[in-house]
Every structure is written in C-alpha cells, then in structure tokens.
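> Coordinates only, no sequence provided:
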C-alpha cells in the first residue's frame, strides 16, 4: 500500500476557532455536532464552516451514523483521523534515548532505543537526528518531534539544567531545529508525561489533574483549568526535596533528612533494604522480598508507600484535582503496598475534600517517550495545524 504524503507544512496555520474545534474533537471524539456546538458555544452554521475544510483534508472524519433518541434523525459523530499525521517522541535519560512513534491520538505505533554514548549536547543532537531519519523511512507522515528530559526546561526552548546529562543552559530546541526539518517541541519529562495522561491517558476528560511519578526520581505535575502548570522558569511543582519525615533517612543532595527523594525513589528504597538486611539488595529484589513476606523489606516498602500517600494528600489539598494519577518506572512498591498508600492519603487529606479518584497507571520509559510525542501533538494542534 502506498504511503500517504506527509502533511503540508507550507500552508498557513489554522485560526484559533478552527484549532479549538480540532482540539475538542481530538479530546472528546467521536462527538456529535450538537455536543460539539454546546462545548464550544458555536452556532450550527459556524461549526459547519469550520469543520468543512478539515473534513476535506481528512483531518476530521465522520463515523457511522447513530440515531438521535428524541428526533430519530441520524447523527454522524465527528472524529479525528488518527493516521492523518504521526509524531516522534524521544525521552532522554543519562544513558539511553527511548523513542516512540505515535499517531495523532497518541497511540504508540513503533519503538526505538539507542544508547547515549556521549552526553554532550552536540552528540545528543546528532543522535536525535539519526533516530529521526531512521523513523522517517517507515513513517513518512511525521509532522513533529517531541523531546523530553529530566531537568529544568524554560520556555519550551532552553534546558536550564539536566543533571543526568550534565547540561546547563543548552538551547536544545534551536540546536535541533537547524538539523531536523520538522517542528521541534521540548519540555520537562514529567510535564510531557502529564500532557499524555491529560489528553490520551488516565486523565482524559478531566479539566484538572495531578500526576505523581516515582522511580529513579520523584516528581509531580498539575493541570488546572485544562492548562499544564509550568511556573516561573519552568519550576512549578518541584517536590523532590519536600520533607515527608523529619527523622527519615538523609538526603544525598541536600543537608536535610526525610525528603521525597530520600524515601520514595527506587534507589532510596534499595538503600534502606540494603541497610536493613545487611546485604546488597536492589529495588526489584526488595519488592519481591516484601511480596514474599520478608518483614524487613515489607517495612521498607510500607514506609515508602505511606509517605507517598502523605505527599499525595498535600498536593491534592493544594490543587484539588478531579483525578490523581500515580505512575512511573518505580511503581511496583506502590502496587505491592497500595493499602498503606491509600490509608495515608485518606488520613492526611483535608476533611473538606471529597474522596479522591486515584488511578495507579503502570508505565515504563517508553511511556515517558509517549509523553514527548504528546507535546509534539499538542503543538501541532494548537500552533501548526495547517489550513487546507
């Protein structure tokens, strides 16, 4: 079967009204025209005018007709053609670049994984370019690239600090844009992951969302009124050094005790298990021992899950989200000690709060790469969507 050509990036971008329609269909579709008009406050004539060129271009499609219960008239819900464009997402760690190709609805289509032998900015730019050229052979409809990494990203262009890569003040978006003939989107990895959960994952349909991740690090991101919080200098919701237990284990990075990084990360859990069992114990071994009934390992993950519940309660009191998503590559201990987590959340939550909708969503590093693809999808829909 012949591949469709890549979307034409030479046409001018759609206006704000057209982008709002495309976004509403992307996030809610399949959706009836009546519901879409209600959501956006548009007349039937305006909606028809705005959707006609997108139907012609193939960005929007009509699903099978359904009967409207009151009138018996057929309704053909609008949906986004997921194959209209593809997006490459790359999550950079200190040693590996994880890549996925996603369709316009954020569904993963392909994976790639490359070692980062040289973490210098120039070498990483060359590696990203190599991954992009490789994926374009199989996916000629690539319309954008998203890059995410652990660190401080300001203005979606500048990496102010990326400790795993040893970077400071790297203008990564500009560097990549000179090498790659595609729009480039950049963000902190946690915000990118939250973007994926908000539009395509466990937070779909919510206007407010709290995402907390545990693994090599610990972090949080918040969506309020459908807007992903970035904060001044991209520093919103930094929780790694929030004190969860003043008498807890010492932090490796800061002269204090009992912070989130010293209790909740996979490395911290391995250290506590190693100390308690007086022999080297990995994170995975600690969880396995706890599940098998080892009392020392059991206390370690119970303590971590309890303190994660406390942290979640504090954040939930600040943002009052519709939904809370707990995810990350170190989620095994939360699953194993979920009762401890949920009990601590309930005990430390405001007495005024309604019961929280908490979703525990397993993920791996490719899920972070899907987050990177999601920020490319976001920018395509909100900025680069072409007029036809």
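Right, received. Where do you want to start? Quick caveat: nothing in here was measured; it's all calculated off a predicted structure. Numbering: from 1, shown residues only.
> From here on, just use CA atoms for contacts and neighbour counts.
Noted.
> what comes into contact with stretch 57-66?
By C-alpha atoms under 8 Å, 6 or more residues apart in numbering, the residues outside stretch 57-66 that reach it are 22, 30, 51, 54-55, 74-81, 84, 388.
> least trustworthy helix or strand in this structure by mean pLDDT?
Lowest by mean pLDDT, DSSP states H and E among the helices and strands of the chain is strand 66-67, with a mean of 56.
> Can I take it that residue 222 is in a strand?
Yes - per DSSP: H, G, I helix; E, B strand; the rest coil, residue 222 lies within a strand segment.
> so where's the protein shaky on pLDDT?
For the chain, applying pLDDT under 70 flags the ranges 1-14, 66-74, 387-388.
> Point me to the residue sitting closest to the centre of it.
residue 193 (1.2 Å; C-alpha atoms, centre = their mean).
> What about residue 93? Give its phi and psi, please.
For residue 93, the backbone dihedrals (degrees, to the nearest 10) come out as phi -110, psi -170.
> One more: the one 4 residues further on?
Reported as degrees, to the nearest 10, the phi and psi values for residue 97 are phi -100, psi 120.
> Disregarding flanking residues, what is the spatial nearest neighbour of it?
residue 114 (5.2 Å; C-alpha to C-alpha, 6 or more residues apart in numbering).
> repeat for residue 215
What sits nearest to residue 215 in space, not counting adjacent residues and going by C-alpha to C-alpha, 6+ apart, is residue 330, at 3.8 Å.
> Looks to me like that neighbour is in a helix.
No - assigned with three-state DSSP, residue 330 falls outside any helix and is coil.
> Now do the contacts for it.
214-216, 265-266.
> Quick one, which of those residues are buried?
Buried subset of these (neighbour count, 16 or more other C-alpha atoms under 10 Å): 214-215, 265-266.
> Between these, which sits nearest residue 134?
residue 215 (29.8 Å; C-alpha to C-alpha).
> about what we covered before: regarding the residue nearest to the centre of the chain, what is its secondary structure?
State at residue 193, reduced to three classes by three-state DSSP: helix.
> For it, list the residues it contacts.
By C-alpha under 8 Å, 6+ apart, the neighbours of residue 193 are 367-368, 370-372, 374.
> Just the helices from the protein, written as ranges.
16-28, 33-40, 44-57, 121-138, 172-177, 189-200, 260-264, 266-277, 283-292, 295-319, 332-336, 338-348, 365-379 (DSSP state H).
> ok now the last one, how far from the chain's centre?
So that's helix 365-379. 6 Å (C-alpha atoms, centre = their mean, to the nearest Å).
> go on, the first one?
Centroid displacement of helix 16-28 relative to its chain, using C-alpha atoms, centre = their mean, is 20 Å.
> Repeat that for the fourth one.
Averaging C-alpha coordinates over helix 121-138 and over its chain gives two centres that are 22 Å apart (C-alpha atoms, centre = their mean).
> elements contacting that helix?
helix 172-177 (3 or more C-alpha pairs under 8 Å, 6 or more residues apart in numbering; DSSP states H and E).
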